[in-house]
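> Predicted model, plus sequence, below.
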Amino acid sequence: MRTLRRGGALPTIAAGLLLLFGLTTIRGVSQDLGEASCHDLKRLFDDGATRVSSKFTFEFVATPNEWPELVRLMENLAQQRNWSYRNTSNSRPGVVEMLRFSICAPGQPMISVNKQVWANLDRLLESAGVPLTPERDAIVYFSLHGDVPETVWQPVAADLVAMLEAQGPDRVKFIDENSAPTDRRPDFLHAKP
């Protein structure tokens, strides 16, 4: 087994991936420069916030082949609620597949989705001794952000989770306050269908 030295290739590659992600994120956010947008979390700082963190985060199991259906579901949800929808997903075959979109409205939480599948990441992780799991590429992260009270974001989260749970059993996975997977269903959610 190959060992990695401190300051070796893995930190350099990781830094490069973070830089690439940061640049693609800036590109997506910059589309709304000059206009007030609920998709831009920076607006919360303009309104006096000193910290922005998610109100609720969970995982949804969807392979890249299922992403178009997930996008359609979220577009429909945005239309039903008369919310704004932004899709900045990107495909670079042989390099990366990115699923990135958000829906929001003034006075409501922003629902953001972010998932990246890098073509060469499996080899990198394998060389670092990280075990690979088949479901890793199928985990899509959902987050609700916003400076809104529980009475506003919790019903939205409950509706979103119910909609996604209707897509099949055991596809929604919850995350605890320490960002670890948990079987504990948050109290504010409706009973599982």
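Okay, I see it.
> use CA for all of it now, contacts and neighbours both
Noted.
> ok, which stretches of the chain are helices?
Per DSSP state H, the chain carries helices over the ranges 9-29, 42-46, 67-81, 121-127, 150-165.
> pLDDT at the nearest residue to Leu164 once chain neighbours are set aside, what is it?
Distances taken as CA to CA, 6 or more residues apart in numbering put Val172 closest to Leu164, at 7.0 Å, once the chain neighbours are dropped. Listed pLDDT for Val172 reads 92.
> what do you get for the one 10 residues further on?
Thr182 carries a pLDDT score of 86 in this model.
> Kindly report the same for Arg81.
So Arg81 comes in at 93 (pLDDT).
> Okay, Leu189 and Phe56: tell me how far apart.
11 Å (CA to CA, to the nearest Å).
> Which neighbours do these two have in common?
Common neighbours of Leu189 and Phe56, counting by CA atoms under 8 Å, 6 or more residues apart in numbering, are Ala157.
> Who is the residue nearest to Leu164 paired with across the strands?
Counting by DSSP bridges, Val172 is bridged to Phe60.
> so what's it up against?
With CA under 8 Å, 6+ apart, Val172 has these contacts: 58-61, 161, 164-165.
> let's see it at 10 Å
Neighbouring residues of Val172 by CA atoms under 10 Å, 6 or more residues apart in numbering: 58-62, 139-142, 161-162, 164-166.
> Kindly report the same for Ala138.
59-67, 115-117, 171.
> give me the low-pLDDT residue ranges for the chain?
1-36, 41, 43-52, 122-123, 131-137, 190-193 (pLDDT under 70).
> Now with 80, please.
Counting by pLDDT under 80, the ranges of the chain that qualify are 1-53, 119-138, 190-193.
> Closest one of the contacts of Val172 to Gln154?
Val161 (10.4 Å; CA to CA).
> Since that was my last question, I'll sign off now.
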